[in-house]
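Trainee: let's see this in three dimensions:
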Amino acid sequence: MKYILFSLICFAALTMMNREDAKAQILSKEKTTFQIAAPWKAIYDVRSDVAIVYGINDAGGNFEERVKGYRDKGYEVQFMTGIAWGQYQDYFTGELDGKSHMDEGQMMRNGETIWHGKDVPYIVPTTSYLNYMKSHVRRAIDAGVTAVYLEEPEFWARAGYSDVFKKEWVKFYGFPWKAPHESPEATYLSSKLKYQLYFNALKEVFSYVKSYSESKGRRVKCYVPTHSLLNYSAWEIVSPEASLANLEGMDGYIAQVWTGTSREPLYFNGTKKERVFENAFLEYGSMVSMTAPTGRKIFFLTDPIEDRQRSWEDYKVNYQATFTAQLLYPMVNNYEVMPWPSRIYEGKFKVEGSAEKQPISPDYATQMQVMVNSLNAMPLSGNKLNGSHGIGILLSNSMMFQRFPVHEGYDDPQLSNFYGMALPLLERGIPVETVHMENLANPNSLKEIKVLVMSYANMKPLSEHYHEELAAWVKQGGVLIYYGRDNDPFQRVNEWWNSGNYRFKAPSAHLFTLMGIEGDPAQRTFVYGRGKVLVVRQDPKELVMMGNADHVYLEKVREAYEQFAQAGKLITKNNFVLNRGPYIVAAVLTEAENQEPLSIKGPVIDLFDPSLPVLESKSIRPGTQAYLYDLNAVRNRSVPQVLAAAARVYKESIGKKHYSFIVKSPSETQNVMRILLPSKPTRLIVDGPSGHLKIFKNLWDAKTKTLLLQFENYSEGVTVDVHW
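Mentor: As a prediction, this is how the structure comes out:
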């Protein structure tokens, strides 16, 4: 009997130790983060692993005090600032060195500066400005931060007219500046320079971060928080994007995808409207394809609200859509759970159907906290999204180069030359992927791709070497579908395919020649090695800007997938479902032919419902998403554990007949939690900073052996002690 008791004690101790070890490993991985300019406050104490303190001279108060404030609360502290604008009026107004630097702002054709905020222009990154930025990262490193994030390296396509930019042009190209609006070539060259200027800027500042931190006996990491290539292209902004992966010392990205980017209207089936889930799915996918082959770390961002003033209900619906989209990528499990928590918890926004502004509702705050706390435990998964895999759409950074202005009447409304290839597949439940041309030399880029769709209607190859990689892939059995009339004005810009040793009218002609396809091929199928090339003389935008125009395209993809690539049956459906550990993530599409709801068999906990109900089944309507905890997937059901909570769990202790822990979350919010227990509790103690707390809900579900608790959250922590 003593031996059995000793074994039980050892098992309980080992269980507790293993759980604490697992938590320590998660913390050491910097799995979850948030960014904040304001000093620490209990009412937005989010309890992620990392607090990214934003800005040096912000209104948030003394930088070092802010860093210390978050560090004292147990956070690893890191630093973020904008690289293209920053909020540093002292540099621009001359307060710093007695010299105004307003002439370094990005200037439009009419002579006006493009402003990010009051007295803060978007900047042409000069040597003087980069030295100024170095002084800020030096101060951050001296304060003990462990990483530096240089946010949003952005150069507007409509800019490029300032004297500072003209000087950079001559330095880079060796010939006089050309006004970007005057010709397609001038537009293209202007964008290439903008792209290069911010690549060089990040390279220089990151190099300084590494050298200075190493001189202090540390190695501070470097990250770039950036919008997706799709969003920057849609919003007519130029940024280095994929090329940054080649920077030595660049440790990774934050994928800045949220309602504000994903609600950009798209054309499909002749209709232009918001398609937030679909766009978010493609945006996150483009960030994965940019990063995954390089091995760089990536954080996915979502935001429970957005910059534009909308209603709380609008925010919630679209937050669920973007949150679901990010979780459908099982190879990513690092997250920025929210930017600006002070804005979320202290801000006031409209209530649906009224002009009245109110703070966040208790229900939405609880739901949001359940969601973000689940990310602390979100596992990587080898599972795949349901559907036919292996179909990719080719992307290139040069998508950003020909967005503004329009030349010779050729337009690409809402980036439809890309979405024309992607949405007809995605809206039919095909988990289409994106492939970055800049990563083609990496063998992982095309490793799982069976059919690749591409067009040069909306982008151009920056190197002939990309074509060599594509041709080699086709020769080994890949199937390439090329869509495009090759008649947009950017086909004729003075680039490698029509200068030097080459005299091709269009870059596609060079690619075709490598695969033995001579001349200007008409619409037909060609054989090259073990693979095939399908040429379709139609611009992809025509597939979505007109109603019912994509059926031939779908049949082309089906033929390529099933017959040529022999990749199996091309499955069309109206949903996406992924299992990640105990989590089930699902979305049902609005515009698929099948409009039946999707049913998920339970028992499951509905994590989008702030009451955390246990459901026998979950029905998901078209146009909605679901986030569920699968009770059948729980491991070690005999071990007590918190399955879901609107707070983070610390210091768990498991005894033979009791289970205790501490939960922390923003004060003045309500915690709801569902706890798995061996049997119904006989005694329950919930203590806050000042003693026993009122328990709003204390419900036992005998069928699932789970306890539902609800009580007030406190940043300092609430102790829960359960006996049975």
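Trainee: how about the CA coordinates for stretch 354-363, as PDB?
Mentor: The C-alpha trace of stretch 354-363 is given here as PDB (Å, rounded to 0.1, in the frame of the first residue of the first chain):
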ATOM      1  CA  SER A 354     -26.500  52.900 -33.400                       C
ATOM      2  CA  ALA A 355     -24.100  55.800 -33.500                       C
ATOM      3  CA  GLU A 356     -23.400  55.300 -29.800                       C
ATOM      4  CA  LYS A 357     -19.900  54.400 -28.800                       C
ATOM      5  CA  GLN A 358     -19.300  52.000 -26.000                       C
ATOM      6  CA  PRO A 359     -16.300  50.100 -24.500                       C
ATOM      7  CA  ILE A 360     -15.800  46.400 -25.300                       C
ATOM      8  CA  SER A 361     -18.600  44.300 -24.000                       C
ATOM      9  CA  PRO A 362     -17.900  41.700 -21.300                       C
ATOM     10  CA  ASP A 363     -18.900  38.900 -23.600                       C
END
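Trainee: now that stretch: average pLDDT?
Mentor: Stretch 354-363 shows a mean pLDDT of 91.
Trainee: hey, which helix is longest across the protein?
Mentor: Taking DSSP state H as the criterion, the chain has its longest helix at helix 184-215.
Trainee: please state the offset of stretch 520-529 from the chain centre?
Mentor: 37 Å (Cα atoms, centre = their mean, to the nearest Å).
Trainee: who's in contact with it?
Mentor: By Cβ atoms under 8 Å, 6 or more residues apart in numbering, the residues outside stretch 520-529 that reach it are 471, 474-477, 505, 509, 512, 515-517, 532-537. Heads up, the C-betas are built off the backbone N, CA and C, glycines and all.
Trainee: list the buried residues in it.
Mentor: With burial defined by 16 or more other Cβ atoms under 10 Å, the residues of stretch 520-529 counted as buried are 526, 528.
Trainee: for stretch 163-178, same thing?
Mentor: 164-166, 168-169, 177-178.
Trainee: restrict that stretch to CA atoms and write it as CSV.
Mentor: What follows is stretch 163-178 as a C-alpha-only set of coordinates in CSV (Å, rounded to 0.1, in the frame of the first residue of the first chain):
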residue,chain,number,x,y,z
ASP,A,163,14.9,65.8,-54.8
VAL,A,164,16.2,63.3,-52.2
PHE,A,165,14.7,60.4,-54.2
LYS,A,166,16.0,61.8,-57.5
LYS,A,167,19.5,61.8,-56.0
GLU,A,168,19.1,58.2,-55.0
TRP,A,169,17.9,57.4,-58.5
VAL,A,170,21.1,58.8,-60.1
LYS,A,171,23.3,57.0,-57.5
PHE,A,172,21.5,53.6,-58.2
TYR,A,173,21.0,53.7,-62.0
GLY,A,174,23.7,56.1,-63.1
PHE,A,175,21.4,58.1,-65.4
PRO,A,176,19.0,61.0,-64.8
TRP,A,177,15.8,60.6,-62.9
LYS,A,178,12.6,59.8,-64.9
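Trainee: give me the residue at the spatial middle of the protein.
Mentor: Centroid-nearest residue in the chain, with Cα atoms, centre = their mean: residue 255, separated by 3.2 Å.
Trainee: with adjacent residues omitted, what lies nearest to that residue?
Mentor: What sits nearest to residue 255 in space, not counting adjacent residues and going by Cβ to Cβ, 6 or more residues apart in numbering, is residue 287, at 3.8 Å.
Trainee: run through the residues that contact the one you found.
Mentor: Per Cβ under 8 Å, 6+ apart, neighbours of residue 287: 228, 253, 255, 257, 298, 300.
Trainee: output those in CSV; the columns should cover distance to residue 482.
Mentor: Putting these into CSV (distance: Cβ to Cβ, whole Å) gives the following:
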residue, distance to residue 482
228, 24
253, 30
255, 29
257, 29
298, 30
300, 32
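Trainee: which one of those residues sits closest to residue 238?
Mentor: Residue 238 lies nearest to residue 228 out of the contacts of residue 287, by Cβ to Cβ, at 13.7 Å.
Trainee: and the nearest residue to the closest one once chain neighbours are set aside, helix, strand or coil?
Mentor: Nearest residue to residue 228, sequence neighbours excluded (Cβ to Cβ, 6+ apart): residue 283, at 4.1 Å. Recorded secondary structure, residue 283: helix (DSSP: H, G, I helix; E, B strand; the rest coil).
Trainee: helix, strand or coil for residue 325?
Mentor: helix.
Trainee: hmm, residue 361 is touching residue 312, no?
Mentor: Yes - the pair residue 361 and residue 312 qualifies as a contact (Cβ atoms under 8 Å) at a distance of 6.5 Å.
Trainee: more neighbours: which of the two?
Mentor: Comparing residue 361 with residue 312 by other Cβ atoms under 10 Å, the one with more neighbours is residue 312, at 21 against 14.
Trainee: surely that one touches residue 348?
Mentor: No - taking contacts as Cβ under 8 Å, residue 312 lies outside contact range of residue 348: 9.6 Å.
Trainee: please, which helix or strand holds the closest residue in space to residue 531 that isn't next to it in sequence?
Mentor: Once flanking residues are discounted, residue 531 sits nearest to residue 474: 3.8 Å by Cβ to Cβ, 6+ apart. Using DSSP states H and E, residue 474 sits within helix 465-475.
Trainee: what comes into contact with whichever helix or strand comes after that helix?
Mentor: Sequence order places strand 479-483 as the next helix or strand after helix 465-475, per DSSP H and E. Under the contact criterion Cβ under 8 Å, 6+ apart, strand 479-483 has outside partners 420-421, 450-455, 457, 470, 473-474, 508, 511, 531-536, 538-540, 553, 556-557, 560-561, 564-565.
Trainee: so which residues of the stretch 451-600 of the chain form helices?
Mentor: 465-475, 507-514, 551-559 (DSSP state H, counting those that start in this stretch).
Trainee: just the ones you listed: most buried one?
Mentor: Greatest average neighbour count among these goes to helix 507-514 (a mean of 22), per mean count of other Cβ atoms under 10 Å.
Trainee: angles on the backbone of residue 103, please.
Mentor: Backbone torsions of residue 103, given as degrees, to the nearest 10, read phi -70, psi -10.
Trainee: the closest residue to it other than its chain neighbours: what's it in contact with?
Mentor: Excluding the flanking residues, the one nearest residue 103 by Cβ to Cβ, 6+ apart is residue 164, at 6.0 Å. Residue 164 makes contact with 103-104, 124, 126, according to Cβ under 8 Å, 6+ apart.
Trainee: is residue 164 in a helix, a strand, or coil?
Mentor: Look at residue 164: counting by three-state DSSP, its state is helix.
Trainee: that older thread, of the contacts of stretch 520-529, just the buried ones, ChimeraX syntax please.
Mentor: Remark: buried members of these, expressed as a ChimeraX selection using 16+ other Cβ under 10 Å:
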select :471,474,509,512,515,517,532,533,534,535,536
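Trainee: related to what we said a few turns ago, ok, the residue nearest to the centre of the chain to residue 542 distance?
Mentor: 30 Å (Cβ to Cβ, to the nearest Å).
Trainee: quick one: the stretch of helix or strand residue 392 belongs to to chain centroid distance?
Mentor: Assigned by DSSP H and E, residue 392 belongs to strand 391-395. Offset of strand 391-395 from its chain centre (Cα atoms, centre = their mean): 18 Å.
Trainee: give the pairing partners of that strand; include direction for each.
Mentor: Sheet pairing for strand 391-395, assigned by DSSP bridges, gives strand 433-436 (parallel), strand 451-454 (parallel).
Trainee: for the very next helix or strand once past that strand, packing partners?
Mentor: Sequence-wise, the next helix or strand downstream of strand 391-395 (DSSP H and E) is helix 416-426. Counting contacts by 3 or more Cβ pairs under 8 Å, 6 or more residues apart in numbering; DSSP states H and E, helix 416-426 packs against strand 266-268, helix 276-291, strand 391-395, helix 551-559.
Trainee: export those to JSON lines and tack on distance to residue 307?
Mentor: What follows is the helices and strands packed on helix 416-426, written out as JSON lines (distance: least, Cβ to Cβ, whole Å):
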{"stretch": "strand 266-268", "distance to residue 307": "20"}
{"stretch": "helix 276-291", "distance to residue 307": "15"}
{"stretch": "strand 391-395", "distance to residue 307": "26"}
{"stretch": "helix 551-559", "distance to residue 307": "35"}
